[in-house]
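# Next input, structure requested:
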Amino acid sequence: MSDNQSTESRGPPRWTRSQAAQIERTADTVAPVIEPPSEDPAADLHIWDTWLLRDRHGEIAEVDGWRVLFSLTAPEELLPGKRHDVAEIRFFYSRNGTEWHGGDAIFESGALGQRQWAGSALYDNGDLYLYYTAAGDESADELNYTQRIAVGHGGRFEADEDGVWSEGPWNHEVLLEPDGEWYENEDQSRGMIYTFRDPWFFEDPATGETNLLFEANTPVPLDSDWCGGDEAQQEFNGTVGIAHSPGGDPLEWELEPPLLGGVCVNQELERPHVVFHDDRYYLFVSSHMHTFAPGIHGFDGLYGFVADSLRGEYEPLNGSGLVVTNPGSVPFQAYSWMAFPYRDEILVQSFYNYREYDGESLDGIADLSEDEQRRRFGGTLSPTLRLDVDDRWTRIHDILAHWHIPTDEDELSDSDEYQPPDGITSDNGYVDRLDTRMDRHRTEGYSQSGH
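Residues are numbered from 1 along each chain as shown. Modelled structure (predicted):
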């Protein structure tokens, strides 16, 4: 029986084991080694998962000329490994995309969950919708890992020449919970991690339909023939979920079948989001080395897929899905990548995770002294990567500074100093494919600038 032959015909498009088996580091996918920033606008905080304030069309929104981003945060003195237990969403603002200010909590009180995990933010004609993961049952006495998709609305941003601030009151409500059929609930969970989180607002530019993407798991019964009946592989059942708002109301959602399944391949397809580029749909997720199923060697990285429609047949980018990963010498230096469009290219932002550490897994961090754990944890935004995209192929071609989210007025030129990390080879397949495409365009009478 071929790779997952008995189950690939079911449900959404699949990320298959044969595709994921092709994952490897190349010069096109490996980011440079990161050095700490000279200045950190949030030095008193741990910063990790980050997202931008966007409008319905997916464009970066502005509040009276200010751009706004949101981050999961925790106090800097806390051990980095404990930060998820106390995560709080804070916001920062900038006029030029390089100098960021603020860091106030977006919700003073009343947010759902014992803590709040990642989401997205919609700015719709002045109305603000902050989608987030309500992590933990706020009525429980002890910390737990129940997850619901929630929203805060009713609050507003105000701004003047000195900055941006939020004003309440905020109304919080649960929007979605797993149904147990398309999306696994906590009682059904068999894997190392249970997920129903990371809501991402996306309005389809081709159809005008309003959608909310999220991370989840596919229910896999013990007696099923998923993964050829291999129970160990069956526990790795990540999926990209989607809900639809029939009338476009940001508060009304109906669950629909998943966009992409990763059963038998990976347990966590984190922070799913879509970039509409060259009339195609680029679906991105982040995932960890340790969440790949037995027999597959992956990396902490950004993985991507492309289709002709939002609910189309997704193909993995670069053959395997790997778009961005860390150098082998620092395999955990960055995580939680977020891709977003910028002119004719795609930019990728992430957070600075652990430097000067090349262990087999992050479990080894706990063996370090507490001071050393704090020293090695970046806890700030990583340098922004520039990504060339040509159909199903991608290539990192330049790097910007930490916390750099370019504005429309910025003129980005390729850095003469950018080089892929040492020791990484590539067959230059991306360059060959791009040259062929450009030759075809010239033959057909198109200019490169008009592409």
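
# surely Gln116 meets Tyr132?
Yes: with contact defined as Cβ atoms under 8 Å, Gln116 counts as touching Tyr132 (4.8 Å). No exception for glycine: its C-beta is placed from N, CA and C like everyone else's.

# what residues are shared contacts of the two?
Ile89 (Cβ atoms under 8 Å, 6 or more residues apart in numbering).

# which of the two has more neighbours?
Tyr132 (31 against 24; other Cβ atoms under 10 Å).

# nearest residue to the more buried one other than its sequence neighbours?
Gly119 (3.7 Å; Cβ to Cβ, 6 or more residues apart in numbering).

# shouldn't Gly321 be in contact with Arg17?
No: assessed by Cβ under 8 Å, Gly321 is found out of contact with Arg17, at 11.7 Å.

# which residues does Ile381 form a beta bridge with?
Just so we're on the same page, residue 381 is Leu rather than Ile. Phe351 (DSSP bridges).

# can you offset everything so residue one is 36?
Sure thing, new numbering starts at 36, so read that last one as Leu416.

# so where does Ala178 fall, helix or strand?
Quick fix: residue 178 reads Leu, not Ala. Take DSSP states H and E as the rule and Leu178 turns out to sit in neither a helix nor a strand.

# show me where the stretch 136-285 of the chain has strands.
136-140, 150-159, 162-170, 182-188, 191-195, 198-202, 206-211, 232-238, 245-252, 272-280 (DSSP state E, counting those that start in this stretch).

# looking at those strands, which is buried most?
strand 245-252 (a mean of 26; mean count of other Cβ atoms under 10 Å).

# Mind listing the strands that one pairs with, and their directions?
strand 232-238 (antiparallel), strand 272-280 (antiparallel).

# so Gly93, which of the three states?
coil (DSSP: H, G, I helix; E, B strand; the rest coil).

# Which parts of this protein are helices?
52-55, 266-269, 405-411, 464-478 (DSSP state H).

# and Gly356 and Arg52? which has more neighbours close in?
Gly356 (28 against 22).

# Now do the contacts for that one.
With Cβ under 8 Å, 6+ apart, Gly356 has these contacts: Trp50, Gln54, Ala55, Ile58, Tyr338, Gly339, Phe340.

# wait, the first one sits on Leu294?
In other words, Trp50. No: with contact defined as Cβ under 8 Å, Trp50 does not count as touching Leu294 (11.1 Å).

# what is in contact with the two at once?
Tyr349.

# Correct me if wrong: Ala436 contacts Pro418.
Yes: with contact defined as Cβ under 8 Å, Ala436 counts as touching Pro418 (5.8 Å).

# The two: which is more packed in?
Neighbours per residue (other Cβ under 10 Å) separate Ala436 from Pro418, with Pro418 holding more: 21 against 12.

# where does that one land on pLDDT?
pLDDT recorded at Pro418 is 98.

# same check, this time on Asp443
Asp443 is given a pLDDT of 88.

# Roughly how far does it sit from Glu380?
Distance, Asp443 to Glu380, by Cβ to Cβ, to the nearest Å: 14 Å.

# between these two, who's got more neighbours?
Glu380 (14 against 10).

# so what's the more buried one up against?
Arg421, Leu422, Asp423, Val424.

# Report the separation between it and Pro213.
36 Å.

# ok, now Ala342?
24 Å.

# who's more crowded, the two?
Neighbours were counted for Ala342 and for Pro213 using other Cβ under 10 Å; Pro213 has more, 25 against 18.

# so what's the more buried one up against?
Glu219, Asn220, Glu221, Phe231, Ala251.
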